[in-house]
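**Q** Compute the structure for the input listed below.
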Amino acid sequence: MQLSLALEPAWALEQARVEESVTVQAQVERILGDESSLEGAAVSAIRREPVEATGATDKYGRMCRKITAELLKRDEFRLSRKRFEPVVRGCVERIVLASTMARVFAQSMELVKQQENQLILNAEQLRSLGFSRMCEILGVPEQLRLSWYAAIVALNAWSDAVGQTPSAMLETVLRIKEAIFEEAKTKNIREMTADDLVPVLSLIVAQSQCRTLCATCQFLHAFFGDDLASGEAAYYLVTMESAIQQLRLAL
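**A** Residues are numbered from 1 along each chain as shown. Take a look at the predicted model:
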């Protein structure tokens, strides 16, 4: 395969990032697999504990944040902390939750089971009415009655919540936002307010195949705790929850 010289620098940079990420993950796995290390001992201890009936999600969230913070103090990560943090955090979450994610997420599903069922029922009923009527009920402005295909595909990633790290689940919110704004640009829509976003997100939720939306939102709040008090992802997660609430009450 021949590479264009014009593209090679960007390709080389991306390749270097991938290789660096793999190296960092290998280092984190080595440290956490060593029970003689502070971080490895913490992982071993939490794995031996039974998943509690309640409160397990926030416990695992606090533990992941604590282990990540300790790892980033190490010399191999400290000097490039900002660049390495997302990789280290995701690797820690994957290892800590490896054998417990399904049971922990099941707690969130149980807590919001009634709301989830109502959301699924309303979405099915709205889809049966046809696209135009669904948009009218949800209050989607005429100029924003688009397919939102890429955003729906991004949201469907939440269907496999158990197979993802919490950080990856949260990043999905930003991918949905980016997909919305990209499609809006095709119609020369450069700005969207919260009043625009909520009905658009409701429309996207109604057309998605994900059946654990309420549980995923509940899980993310429990896992990240006060870390979701601010930031771009936090803002769009709250906007998503407003859209879910609007859809639950639409009929």
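**Q** Mean confidence (pLDDT) on the helix or strand harbouring Q107, please.
**A** Assigned by DSSP states H and E, Q107 belongs to helix 101-111. Averaged across helix 101-111, pLDDT comes to 91.
**Q** what's in contact with the helix or strand immediately after it in the chain?
**A** Tracing the chain C-terminally past helix 101-111 and defining elements by DSSP H and E, one meets helix 113-128 next. Counting contacts by C-beta atoms under 8 Å, 6 or more residues apart in numbering, the residues outside helix 113-128 that touch it are 109, 133-134, 137-138, 205-208, 211-215, 244, 247-248, 250-251. Where C-beta positions appear, they are placed from N, C-alpha and C, glycine not excepted.
**Q** same for the next helix or strand after helix 113-128, what does it pack against?
**A** Downstream of helix 113-128, the first helix or strand assigned by DSSP H and E is helix 131-138. Helices and strands touching helix 131-138, by 3 or more C-beta pairs under 8 Å, 6 or more residues apart in numbering; DSSP states H and E, are helix 113-128, helix 194-207.
**Q** Quick check: buried residues in helix 131-138?
**A** Residues 134-135, 137-138 are the ones in helix 131-138 that count as buried (16 or more other C-beta atoms under 10 Å).
**Q** from these, which two are the most distant?
**A** Taking C-beta to C-beta, the two most distant members of the buried residues of helix 131-138 are C135 and I137; they sit 7.5 Å apart.
**Q** could you point out where the stretch 51-200 of the chain is predicted with low confidence?
**A** 51-55 (pLDDT under 70).
**Q** Relative to V104, how far out is F219?
**A** As for F219, its distance to V104 is 8 Å (criterion: C-beta to C-beta, to the nearest Å).
**Q** Over to A41?
**A** From A41 to V104 the distance is 21 Å (C-beta to C-beta).
**Q** Pick out whichever of the two has more residues nearby.
**A** Neighbour count, other C-beta atoms under 10 Å: between A41 and V104, V104 has more, with 21 against 13.
**Q** so what's that one up against?
**A** Counting by C-beta under 8 Å, 6+ apart, V104 has contacts 51, 56-57, 60, 97, 219.
**Q** In helices, which of those appear?
**A** Among these, the residues falling in helices (DSSP state H) are 56-57, 60, 219.
**Q** for those, which one is nearest I180?
**A** F219 (22.7 Å).
**Q** Which residue is the nearest non-sequential neighbour of the closest one?
**A** Of all residues not flanking F219 in the chain, S108 sits nearest, at 4.0 Å (C-beta to C-beta, 6 or more residues apart in numbering).
**Q** Test my guess that that neighbour contacts T216.
**A** Yes. Using C-beta atoms under 8 Å, S108 makes contact with T216 at a distance of 7.5 Å.
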